[in-house]
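K.L.:
based on what follows, work out the 3D shape:
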Amino acid sequence: LVDIFEGALKKGVAFINKTLAGNVRKGRINENQAKQIQANLKPSTSLAAFSDCQLIVEAVVERMDVKKKIFGQLDTIVKSTTAILLSNTSTLSIDEMATEALNAARRPYFAGWHFFSPAHIMQLVEIVVGKHTSDETASILQSLTKRIGKIGVLCGNCDGFIGNRMLNPYSTESTLLLSDGVATVQSVDKAIQKVHGFTMGCFQMGDLAGNDIGYFIRKARGLVRDPKTHVVGSNRSSMRYTELGDDLVSELGRLGQKTMKGWYDYDPKVGKGRKGLPSKEVTELIARYTPQKPPQILTSKEIIERIVFPLVNEAFKILEEGISSKPSDIDVVYLFGYGWPAWRGGPMYWADNDVGLPYLLQKLEGFYKAFPRSKYFEPSSLLKECVAMNITVHEYYKKRNHKKTKLHSKL
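P.N.:
Have a look, this model is predicted:
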């Protein structure tokens, strides 16, 4: 375990020891196994400690420059040219890391290994196959993921891979509902959690993960207004966008549960500081964006269609581009990584069996006509084809006898 900061390293070791003690207490492992794991742990503040390792996982801050610098150093430090080097990135291009930081001989042994937070609890791992990743490396990672008790899903390389790419239109449209004045923080979360059945609502999830994460991702994508120059992000010109979520972070510092204030307020005395409470400050912030005469408030059904339908549409595009090889893989990602209600069977199963693809297409076409600058409403070609053939997407893959092929890279 390596961290260049001694304090952070000690904190990491303490967390591992605490987790092991908890697992012993719950009967998942015995004391001898815990002691063996602790004996095997070698903490260090130097990357040189990795010189003889055969598998190394990078899990630093989500910044491409930092990740490339680390892999450039590992390229020199690690002795074996067949050692497997992995990034835990949730959105960034593993092809860019491989091409710009590693020599050609190492690239077949490089891939993404995206663990979902908190990694010691969440079962899902996205195994991200880049254009250089060998079939052998992908196979080893599938085996290792299963060996450590996780559920691995292979996917190609694109911005956000499977899970976070689908989450982008979902979270974007959720915030736009607030600034459009057609929903509240509470009504969105109620629709998603209480009616649809997600483990938690969209804004509850943002507060748990940290609203600054989404802010920095938007900033890296060239969407955020510069707080000093006030210049709008260079990639935002043609996009339907609200600065509401940006101001929440940059102006009010409401990062979520870690600062005891996000979309909700938090009180240490209420629900151990994890129960979201309505925030007057957030209500006042939203009021700055909403029209003076807002449209009629949406029902729970309408909210679900506005934010979950584009999520499903993005999944169709992921299949269409070859980022995922089959719809059931997408269902697994959302069931085990994002708290999708198991009784609904996953986003693709839900679209096929509960929503119906003709209705999904009809609603997306209507949304896209109403909001042409929100490209995530533009219906997928694969969705249109399935509707034209009068079959479900699962039937489409069986009918066309889709075989597992090398996953594609879009970046």
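
K.L.:
show me what counts as buried in stretch 123-138.
P.N.:
For stretch 123-138, the neighbour count (16 or more other Cβ atoms under 10 Å) marks L124, V125, E126, I127, V128, V129, G130, K131, H132, T133, T137, A138 as buried. Backbone N, C-alpha and C define where each C-beta goes, glycine included.

K.L.:
dump the residues you listed into CSV; add distance to Q257, pLDDT and secondary structure as well.
P.N.:
Output for those, formatted as CSV (distance: Cβ to Cβ, whole Å; pLDDT from 0 to 100; DSSP: H, G, I helix; E, B strand; the rest coil):
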residue, distance to Q257, pLDDT, secondary structure
L124, 21, 97, strand
V125, 24, 98, strand
E126, 24, 98, strand
I127, 29, 98, strand
V128, 28, 98, strand
V129, 34, 97, coil
G130, 34, 97, coil
K131, 38, 96, coil
H132, 38, 97, coil
T133, 36, 97, coil
T137, 37, 98, helix
A138, 36, 97, helix
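
K.L.:
from those, pick the one nearest V185.
P.N.:
Nearest to V185 among these, counting by Cβ to Cβ, is L124 at 26.7 Å.

K.L.:
re the thing from before, just name the closest of the buried residues of stretch 123-138 to L361, please.
P.N.:
After measuring the buried residues of stretch 123-138 against L361 - Cβ to Cβ - the closest member comes out as E126, at 27.7 Å.

K.L.:
what sits against that closest one?
P.N.:
G112, W113, H114, G152, V153, C155, F161, I162, G163, V333, G337 (Cβ atoms under 8 Å, 6 or more residues apart in numbering).

K.L.:
what's the closest of those to S80?
P.N.:
Looking across those and measuring by Cβ to Cβ, the closest to S80 is W113, at 17.9 Å.

K.L.:
got a pLDDT number for that closest one?
P.N.:
Looking at W113, its pLDDT is 98.

K.L.:
that one contacts V128, correct?
P.N.:
Yes: at 7.4 Å, W113 counts as touching V128 under the criterion of Cβ atoms under 8 Å.

K.L.:
now render the contacts of E126 as TSV, adding secondary structure, neighbour count and distance to L277.
P.N.:
Shown next, in TSV, are those (DSSP: H, G, I helix; E, B strand; the rest coil; neighbours: other Cβ atoms under 10 Å; distance: Cβ to Cβ, whole Å):
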residue	secondary structure	neighbour count	distance to L277
G112	strand	27	37
W113	strand	24	37
H114	strand	28	32
G152	strand	21	38
V153	strand	25	36
C155	strand	26	37
F161	coil	26	34
I162	coil	28	33
G163	helix	22	29
V333	helix	28	31
G337	helix	23	27
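
K.L.:
just checking, what packs against the helix or strand of the chain with the lowest mean pLDDT?
P.N.:
None of the helices or strands of the chain scores lower by mean pLDDT, DSSP states H and E than helix 211-220, at a mean of 90. Judged by 3 or more Cβ pairs under 8 Å, 6 or more residues apart in numbering; DSSP states H and E, helix 211-220 is in contact with helix 244-250.

K.L.:
which other helices and strands contact the helix it packs on?
P.N.:
Counting by 3+ Cβ pairs under 8 Å, 6+ apart, helix 244-250 packs on helix 163-179, helix 211-220, helix 280-287.

K.L.:
out of these, deepest packed?
P.N.:
Counting by mean count of other Cβ atoms under 10 Å, helix 163-179 has the highest mean neighbour count of the helices and strands packed on helix 244-250, with a mean of 22.

K.L.:
same for the helix or strand following that helix, what does it pack against?
P.N.:
Reading on from helix 163-179 to the C-terminus, the next helix or strand found by DSSP states H and E is helix 185-189. Applying 3+ Cβ pairs under 8 Å, 6+ apart, one finds that helix 185-189 contacts helix 163-179, helix 202-209, helix 300-320.

K.L.:
tell me the contacts of the residue nearest to the spatial centre of the chain?
P.N.:
In the chain, the residue lying closest to the centroid (Cα atoms, centre = their mean) is N164, at 3.0 Å. Residues in contact with N164 (Cβ under 8 Å, 6+ apart) are S90, T91.

K.L.:
please repeat the previous calculation with a cut-off of 10 Å.
P.N.:
89-91, 114, 116, 126, 158, 171, 214, 217, 333, 337-338 (Cβ atoms under 10 Å, 6 or more residues apart in numbering).

K.L.:
still on that earlier bit, closest one of the contacts of E126 to Q36?
P.N.:
W113 (23.5 Å).

K.L.:
quick one: low-confidence parts of the chain?
P.N.:
401-406, 411 (pLDDT under 70).

K.L.:
still on that earlier bit, run the angle between the least confident helix or strand of the chain and helix 163-179 for me.
P.N.:
Calculated by axes from the mean of the first three to the mean of the last three Cα atoms, to 10 degrees, helix 211-220 forms an angle of 100 degrees with helix 163-179.

K.L.:
look up how far K258 lies from A48.
P.N.:
The gap separating A48 from K258 is 32 Å, by Cβ to Cβ, to the nearest Å.

K.L.:
likewise Q38?
P.N.:
28 Å.

K.L.:
got a list of what G356 touches?
P.N.:
Contacts of G356 by Cβ under 10 Å, 6+ apart are Q362, V387, T392.

K.L.:
that one and L74: what is the separation?
P.N.:
50 Å.

K.L.:
what of T81?
P.N.:
Taken as Cβ to Cβ, the span from T81 to L74 is 12 Å.

K.L.:
quick one: contacts for S187?
P.N.:
S187 neighbours (Cβ under 10 Å, 6+ apart): L177, L178, G201, I297, L298, T299, S300, I303.

K.L.:
how deep is the residue lying closest to the first one once chain neighbours are set aside tucked in, by neighbour count?
P.N.:
Excluding its sequence neighbours, the residue lying closest to L177 (Cβ to Cβ, 6 or more residues apart in numbering) is A183, at 4.0 Å. Close neighbours of A183, defined as other Cβ atoms under 10 Å, add up to 27.

K.L.:
quick check: A183 touching I307?
P.N.:
Yes: A183 is in contact with I307 according to Cβ atoms under 10 Å; the separation is 9.2 Å.

K.L.:
which neighbours do these two share?
P.N.:
Both A183 and I307 are contacted by S174, T175, L176, L177, A191, under the criterion Cβ under 10 Å, 6+ apart.

K.L.:
nearest to V312, of those residues?
P.N.:
Relative to V312, the closest of the shared contacts of A183 and I307 is S174; by Cβ to Cβ it sits at 14.8 Å.
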